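Q: Starting from these lines, generate the structure:
(one chain, ligands or ions: 1)
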Amino acid sequence: MDNILEVIKNRRSIRQYLDKPISKEVIIKLIEAAKWAPTGMNEQPWGFIVVQDKSLIKELSDSAIPYINKIIEENPKFIRYRKRMRVKDFSIFYHAPCVIIILGRVDALFYQNDCAMAAQNLMLAASSMGIGSCWVGMMSTMDKDKWFRERFQIPDNYKVIAPIALGYFENKDIPIIERKPPEILKYF
Ligand SMILES: Cc1cc2nc3c(=O)[nH]c(=O)nc-3n(C[C@H](O)[C@H](O)[C@H](O)COP(=O)(O)O)c2cc1C
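A: Numbering: from 1, shown residues only. Take a look at the predicted model:
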């Protein structure tokens with residue numbers, strides 16, 4: 001798949017992964033792809049945390065669940081996720097063998113946009129290599145958690161922007177998520 005439009009259209013959020021590690025060489029390639037994203041004033045205000053230790057991924061997921069439950073309870077829009085959170089052994093990362101967290105350096109004017117661009121580059125590069133991904137935004141709810149910041153040694157001036165689950169997957173039964181027609185408000 002070397003046509004960029006094909007790569008863009010074929011990327012799906014993957015929520016079931018094979019128990020197969022991603023090599024360090026491939027992870028470096030993904031981060032390389034991320035770093036070529038455009039950034040406001042070319043600040044490149046990001047940091048990457050790579051987690052492949054299964055027990056640490058589980059610990060991270062377990063620690064995020066109370067934060068996510070709180071948001072679900074406070075916001076009727078999210079009630080439909082309540083059942084999913086109660087499934088035994090549920091992982092917010094869907095048991096992916098790798099999680100890459102992209103953190104933004106908050107002094108940069110557009111750090112959230114910059115990191116989102118990097119995340120999309122990373123996910124598209126992964127997809128082109130047959131690796132599935134899912135941006136797990138729910139994890140960002142634990143950005144200020146003391147255990148999390150200490151365990152991952154996160155500098156105070158960095159904020160979680162894009163936690164991404166990654167892994168190889170069986171390329172079948174992946175639902176096609178239709179897109180609405182884009183709303184072109186005006187065409188001058
Ligand atoms: C900012 C952001 C946050 C997201 N958070 C989650 C999440 O917490 N859990 C999840 O399963 N998917 C999450 N997703 C994935 C979306 O649900 C998914 O992109 C959307 O349904 C479209 O499906 P597709 O990616 O397969 O095209 C997130 C995506 C984005 C861009």
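Q: part of a strand, is A162?
A: Yes - the secondary structure assignment for A162 places it in a strand, going by DSSP: H, G, I helix; E, B strand; the rest coil.
Q: Buried residues, the helix or strand harbouring E73. List them.
A: Element membership for E73 (DSSP states H and E) is helix 54-74. Within helix 54-74, the residues that qualify as buried are I57, L60, S61, S63, A64, I65, Y67, I68, N69, I72, counting by 16 or more other Cβ atoms under 10 Å. Backbone N, C-alpha and C define where each C-beta goes, glycine included.
Q: pLDDT score assigned to the last one?
A: Reading off the per-residue confidence, I72 sits at a pLDDT of 93.
Q: Find me the pLDDT at the closest residue to it other than its chain neighbours, would you?
A: Leaving aside its chain neighbours, I72 sits nearest to F78 (4.4 Å; criterion: Cβ to Cβ, 6 or more residues apart in numbering). On pLDDT, F78 comes in at 90.
Q: Equivalent analysis for R86, please.
A: As summarised for this prediction, R86 has a pLDDT of 87.
Q: and the residue of the chain nearest the ligand?
A: Nearest residue of the chain to the ligand: G137, at 2.7 Å (Cβ to the nearest ligand atom).
Q: Send me the lowest-mean-pLDDT helix or strand in the chain as PDB with only the CA atoms.
A: In the chain, no helix or strand scores lower on mean pLDDT, DSSP states H and E than helix 82-85, which sits at a mean of 88. Extracted C-alpha coordinates of helix 82-85, given in PDB (Å, rounded to 0.1, in the frame of the first residue of the first chain):
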ATOM      1  CA  ARG A  82     -20.400   1.800  31.400                       C
ATOM      2  CA  LYS A  83     -21.000  -1.900  30.500                       C
ATOM      3  CA  ARG A  84     -17.700  -2.200  28.700                       C
ATOM      4  CA  MET A  85     -15.700  -0.900  31.700                       C
END
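Q: The residue nearest in space to the middle of the chain and I79, how far apart?
A: Nearest to the centroid of the C-alpha atoms of the chain, with distances taken as Cα atoms, centre = their mean, sits I164, at 2.2 Å. Between I164 and I79 the computed distance is 26 Å (Cβ to Cβ, to the nearest Å).
Q: next one: D89
A: For D89, the distance to I79 equals 22 Å [Cβ to Cβ].
Q: do S127 as well
A: When S127 is compared with I79 (using Cβ to Cβ), they lie 31 Å apart.
Q: so which strand or helix has the nearest residue to R15 once chain neighbours are set aside?
A: Distances taken as Cβ to Cβ, 6+ apart put Y94 closest to R15, at 4.5 Å, once the chain neighbours are dropped. Here Y94 is covered by no helix or strand, with elements defined by DSSP H and E.
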